[in-house]
Each structure stands twice: as C-alpha cells, then as structure tokens.
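*Asks:* A structural model of the following input is requested.
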Amino acid sequence: MEATATKWVVDPMHSEIQFKVKHLVISTVTGFFKSFEGTLETVNDDFEDAEIFFSIDINSVDTNQSQRDEHLKSAEFFDAAHYPKMTFKSTSFKKTGDDEYDLIGDLTIKGITKSVKLNAEYGGSTKDFYGNTKAGFEVTGKINRKEFGLTWNGVTEAGSVVAGEDIKLLMNVQFAKQA
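*Replies:* Numbering: from 1, shown residues only. Below you'll find the predicted structure:
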C-alpha cells in the first residue's frame, strides 16, 4: 500500500522571502518579495524527498525605494510585464544532518530555468493557537543573476559596478499542514 502524501501550504503571514545584493561593492541592499505562494508535499515524517513548489510575484518586489523597485520590474531587470512570476520546483530534498537538508530544484526567472542548490534548515513543527500543525524552514543560497538574464550593469564614473552579480537568498517559510 502506497503512503498518502501530506500537503502543506505556505502561510504568507508568517513567511518572508528576502534577497541581498552588493551595491557599489561596498554595501548591501536588501529586498523582499511581498507576494508569493508555495506548497510542500511529503510522504515521510522527516520531510525527506518532499516535493516543493514556489511561485513569486515579481511585481511585489520591495527594496524600500520605489524608484529602484520600478527599475527592477522594468525590462532592464525582471521584465515583470512579460515575466510576472518567478518559480521554483524541487528536484531533490535530501537530509544531510539532524535538521539540515540540501534542496535542489529548477528556478525559473525571466523564462530561463536553471538548477540551483539551496540549503534548508528545519526549524521544527508545532500546533498554533487554532490547532493547525505548522512547520518552519529557513532556506538560504546564492545565485548569479546574470545566469537568469538579469544582465543590467550600471557602472559609476569612478568605474565601480553598481550591482553585484551574486544574489543571496534568505527565505523563512512556515507551512501549514492541510487536513
């Protein structure tokens, strides 16, 4: 008899998707995506081999600076008009330690799909005030924006690159178990 999959859905009220990019090589700019959804399906209690899917709304980008946000949505960067969503679909989720996992999957940005490897740390699971079972994960990693067609390069008069190529990803996500 095949085990039944348990479905979990991201609780956006208790989750955040953050990114960091070097600015002028000397400081870091942090941004968020405010609108996203995700699911996790597992047949194992320890989440190994879970299938994970995320969809992120590009128009929800927020770097605390509206002019920069508009630039990020423009054709020079994400081209949100043509590619409104960024998606991630896991291909592997393997336990590497007590609460550590390697998360490998296909990340699609601007119509370009590449396999990326992220680190996931399981924060545990518990019941909330309403009796719903929640599970938390912190997912971190790094991607090169140029591999996804985010090739805009500003250079200052002094020759400094405005935005770094490496983007650090930091996601704190809480999943709610579905009945």
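*Asks:* Run through the bridge partners of Val173.
*Replies:* Counting by DSSP bridges, Val173 forms beta bridges with Phe137.
*Asks:* Next, the contact list for it, please.
*Replies:* Applying C-beta atoms under 8 Å, 6 or more residues apart in numbering to Val173 gives the contacts 10, 15-17, 38, 136-139. In short, each C-beta sits where N, CA and C put it, glycine included.
*Asks:* give me that answer again for 6 Å
*Replies:* 10, 15, 137 (C-beta atoms under 6 Å, 6 or more residues apart in numbering).
*Asks:* and of the residues you listed, the nearest to Thr91?
*Replies:* Distance ranking of the contacts of Val173 against Thr91, using C-beta to C-beta, places Phe137 first at 17.0 Å.
*Asks:* and that closest one, what does it touch?
*Replies:* For Phe137, the contacting residues are 120, 122, 173, by C-beta under 6 Å, 6+ apart.
*Asks:* got any ranges where this structure has weak pLDDT?
*Replies:* In the predicted model, the chain carries pLDDT under 70 at residues 1-3, 23-26, 152-164.
*Asks:* ranges for the helices of it?
*Replies:* Remark: helices assigned in the chain by DSSP state H are 66-73.
*Asks:* how about the strands of it, start to end?
*Replies:* With strands called from DSSP state E, the chain shows them at 6-10, 16-23, 27-33, 36-42, 51-57, 61-62, 85-95, 100-109, 112-127, 133-144, 163-177.
*Asks:* Tabulate those strands in TSV, adding columns for distance to Phe78.
*Replies:* Output for those, formatted as TSV (distance: least, C-beta to C-beta, whole Å):
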stretch	distance to Phe78
strand 6-10	21
strand 16-23	12
strand 27-33	10
strand 36-42	14
strand 51-57	10
strand 61-62	7
strand 85-95	8
strand 100-109	7
strand 112-127	11
strand 133-144	14
strand 163-177	12
